[in-house]
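Q: heads up, no residue letters with this:
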């Protein structure tokens, strides 16, 4: 059964300022919590287009969204193909670009994917090393761990996991696989554990947490997909349309913050000029200058929400 607690549910959907007859996109369908709330606010002329590359999530959504099925289009695809897929969804076009009224991203991995042992995402369950969100993709954590060289393994552990002991972990992985391939998440978690000094292991949660996160991000090219999709989302928003983006990792949040900032109006005129003459108008405005964080009540109910941040931007007319 697909059970998932949707993070920042009301805040993210409220941020879209839903119009009953608008067209909205949920780029990360997952447990369908955000999609269900969006669909419930749409009138007869409204429409929701929801993306996911996980068949399990799509099957669950067909059941959960059944009351709104006449308003919903499910798309099996990675959201990095947002613009391409919207072209095939019969949405309005302007200047050759699909146009929608709101786009929502809830980045990261949904709870069922983390908790389902066979997916290989979790260091708490022994399972084959996989970590693919899309079961049809080629790259797996098994391939990275057993075939990549020590420098490349250390690089992704450092960059995507911000792991201080990345080099030592990578060296021990390569040493261990010379005896036999590393097949299971349990083997990898133990290798990571012994690669980290005992004093460090006593603080900061499970010692494999950062490395498993880094491998998952690398397997699914999550940051590359995020960057591509956010750029496309700005092009695909109609004037007045909004993007709501929930991130769970500092690198995810940095990408969102930087992309939004790139398109926000930046006047370069001297402060004493009575009127702007630089012409740097920008095409976005930020709805919230600082990210919206989960409430204390939500954190008590769902500790996995602790690292979540919500940023909202609106396309200018």
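A: Great, that's in hand. Quantities reported herein were computed from a predicted structural model and do not represent experimental measurements.
Q: what are the phi and psi angles of residue 208?
A: As for residue 208, its main-chain torsions (degrees, to the nearest 10) stand at phi -90, psi 0.
Q: Would you confirm that it contacts residue 187?
A: No: assessed by CB atoms under 8 Å, residue 208 is found out of contact with residue 187, at 11.0 Å. Backbone N, C-alpha and C define where each C-beta goes, glycine included.
Q: the more surrounded of these two?
A: Using other CB atoms under 10 Å as the criterion, residue 208 and residue 187 rank with residue 208 on top: 25 against 18.
Q: mind checking how far the more buried one is from residue 128?
A: For residue 208, the distance to residue 128 (CB to CB, to the nearest Å) stands at 16 Å.
Q: and residue 239, what does it touch?
A: Neighbouring residues of residue 239 by CB atoms under 8 Å, 6 or more residues apart in numbering: 315-317.
Q: number of nearby residues for residue 181?
A: 14.
Q: oh sorry, the question was meant for residue 77
A: Residue 77 has 16 neighbouring residues, counting by other CB under 10 Å.
Q: That one against residue 88, yeah?
A: No: contact between residue 77 and residue 88 fails when scored by CB under 8 Å: they sit 9.9 Å apart.
Q: tell me the mean pLDDT over stretch 56-67?
A: For stretch 56-67, mean pLDDT is 94.
Q: For that stretch, what is the distance to the chain centroid?
A: Mean C-alpha position of stretch 56-67 versus that of the full chain (CA atoms, centre = their mean, to the nearest Å) differs by 20 Å.
Q: And the helices in the stretch 1-150 of the chain, which stretches?
A: Secondary structure of the stretch 1-150 of the chain (DSSP state H, counting those that start in this stretch): helices at 9-14, 33-40, 55-64, 82-87, 111-115, 141-147, 150-161.
Q: same deal with the stretch 201-317 of the chain?
A: With helices called from DSSP H, counting those that start in this stretch, the stretch 201-317 of the chain shows them at 209-220, 222-236, 250-263, 296-301.
Q: what pLDDT, on average, does the last one get?
A: Just to be clear, that refers to helix 296-301. Per-residue scores along helix 296-301 average to 93.
Q: can you list contacts of that helix?
A: Residues from elsewhere that reach helix 296-301 (CB under 8 Å, 6+ apart): 5, 7-8, 305-306.
Q: Point out the least confident member of these, please.
A: Among these, residue 5 carries the lowest pLDDT, at 76.
Q: and the nearest residue to it once chain neighbours are set aside, what is it in contact with?
A: The shortest distance from residue 5 to any non-neighbouring residue, by CB to CB, 6 or more residues apart in numbering, is to residue 302 (4.5 Å). Shown in contact with residue 302 (CB under 8 Å, 6+ apart): 5, 7, 294.
Q: Pull up the gap between the second one and residue 307, please.
A: Which is residue 7. 10 Å.
Q: These two: which is more packed in?
A: Counted by other CB under 10 Å, residue 7 and residue 307 do not tie: residue 7 has more neighbours, with 26 against 16.
Q: Low-confidence ranges, the stretch 1-150 of the chain, go.
A: For the stretch 1-150 of the chain, the stretches with pLDDT under 70 are 1-4, 110-117.
Q: And the strands in it, which stretches?
A: Secondary structure of the stretch 1-150 of the chain by DSSP state E, counting those that start in this stretch: the strands cover 23-26, 47-52, 72-76, 93-94, 97-98, 100-106.
Q: Now these in TSV, please, with extra columns for distance to residue 263.
A: Below are the strands of the stretch 1-150 of the chain laid out as TSV (distance: least, CB to CB, whole Å):
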stretch	distance to residue 263
strand 23-26	18
strand 47-52	22
strand 72-76	25
strand 93-94	17
strand 97-98	15
strand 100-106	14
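Q: Can you tell me which residue sits nearest the middle of the protein?
A: Nearest to the geometric centre of the chain sits residue 107, at 1.8 Å (CA atoms, centre = their mean).
Q: Isn't that residue up against residue 223?
A: No: assessed by CB under 8 Å, residue 107 is found out of contact with residue 223, at 9.4 Å.
Q: Now the common contact residues for the two.
A: Joint contacts of residue 107 and residue 223 (CB under 8 Å, 6+ apart) are residue 252.
Q: show me the contacts for residue 173.
A: Here residue 173 is in contact with 145, 150, 153, 182, 188, 191 (criterion: CB under 8 Å, 6+ apart).
Q: dump the residue contacts of the last one.
A: Same thing as residue 191. For residue 191, the contact set (CB under 8 Å, 6+ apart) comprises 169, 172-173, 176, 182.
Q: now swap in the first one and tell me
A: With contacts defined as CB under 8 Å, 6+ apart, residue 145 is in contact with 129, 153, 173, 177, 182, 188, 215.
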